[in-house]
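Peer 1: predicted coordinates and the sequence they were generated for:
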Amino acid sequence: MMARWDVSWDRAGLGTWVVRSRDDGRIIGHGGCDLRVTDDAEVWNLGYRLASSEHGNGFATEIARAAIARARSVRP
């Protein structure tokens, strides 16, 4: 998984982010857009995983919005 993330950062300048709590800086998950490369195409994959204790706080929406905006700016 980490190797795939590295490929995305190297090829597209965008990949998966570590998600931290604004309150105390602890890691609560990861998410973002990473570039998936197949034989036929390069496509964005939007995803996230959050600690179950953080579900329902709007973090998934925040990650998705930021990731889509960044992907559009990198490769409109």
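Peer 2: Structure received.
Peer 1: so which strand or helix has the residue nearest the centre of the chain?
Peer 2: Nearest residue to the geometric centre of the chain (Cα atoms, centre = their mean): G32, 1.2 Å. Taking DSSP states H and E as the definition, one finds G32 inside strand 27-37.
Peer 1: packing partners of that strand?
Peer 2: helix 2-12, strand 16-20, strand 42-50, helix 59-74 (3 or more Cβ pairs under 8 Å, 6 or more residues apart in numbering; DSSP states H and E). Every residue, glycine included, has its C-beta placed from N, CA and C.
Peer 1: so what's the closest residue to V43 other than its chain neighbours scoring on pLDDT?
Peer 2: Once flanking residues are discounted, V43 sits nearest to R36: 5.2 Å by Cβ to Cβ, 6 or more residues apart in numbering. Note on R36: pLDDT of 86.
Peer 1: what's the neighbour count on R36?
Peer 2: 13 (other Cβ atoms under 10 Å).
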